[in-house]
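*Asks:* here is a sequence together with a model predicted from it:
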Amino acid sequence: MSPVLRPVEPGDGDVLHAIFTEPGVRQYLFDDVLLSRDETQAHVDAACAHGAWVICLDGTVVGLVSLRPTGTVDRELIIAVSERCWGGGMAYEAADVALRRGFEMLRLPRVLAGVDLPNQRSHRLMARLGFVPTGESDGPKYRAKNYELVRPADLSD
């Protein structure tokens, strides 16, 4: 069954806290820092403010996908999927839907992404989604590879 995206709501904090604190999720998403429930709620509230989506499977929230603002025009793809859903294409399907919404509805010219160098799973996801490496940068814990996905030509104005 394919995932369904719905807008994130403030009440999603508990279920997202459970996902954000899973060891595999927090390893790269939060540099292995164990968030407090209040810190998670701050992330959820920010996601609500910019229009992120929770990923639902059979009515259960299993992750979050976001096109987080990173400046006046750019957005950054952020995705967190529960470890129990890894390996089945869930991250790809959810990110693909979010990217289409970003290009078609928000008319974004491009979407950026940053992936910690040791996070091989996410590097494979970026390649599968069509992102192109644009360089590297220092991060809080790991050096990161930066990516860009330009709006497809068939969606240009």
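*Replies:* Great, that's in hand. Residues are numbered from 1 along each chain as shown.

*Asks:* elements contacting the longest strand anywhere in the chain?
*Replies:* For the chain, the strand reaching the highest residue count under DSSP state E is reported as strand 60-69. Counting contacts by 3 or more Cβ pairs under 8 Å, 6 or more residues apart in numbering; DSSP states H and E, strand 60-69 is packed against helix 13-20, helix 37-50, strand 53-57, strand 75-81, helix 90-104. (Glycine included, C-beta is placed from N, CA and C.)

*Asks:* could these go into a markdown table alongside mean pLDDT, mean neighbour count and distance to D116?
*Replies:* Below are those laid out as a markdown table (pLDDT from 0 to 100; neighbours: other Cβ atoms under 10 Å; distance: least, Cβ to Cβ, whole Å):
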| stretch | mean pLDDT | mean neighbour count | distance to D116 |
| --- | --- | --- | --- |
| helix 13-20 | 98 | 19 | 16 |
| helix 37-50 | 96 | 16 | 18 |
| strand 53-57 | 96 | 22 | 21 |
| strand 75-81 | 97 | 22 | 13 |
| helix 90-104 | 95 | 19 | 15 |
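
*Asks:* just checking, S2 touches E93?
*Replies:* Yes - applying Cβ atoms under 8 Å, one finds S2 in contact with E93, separated by 5.8 Å.
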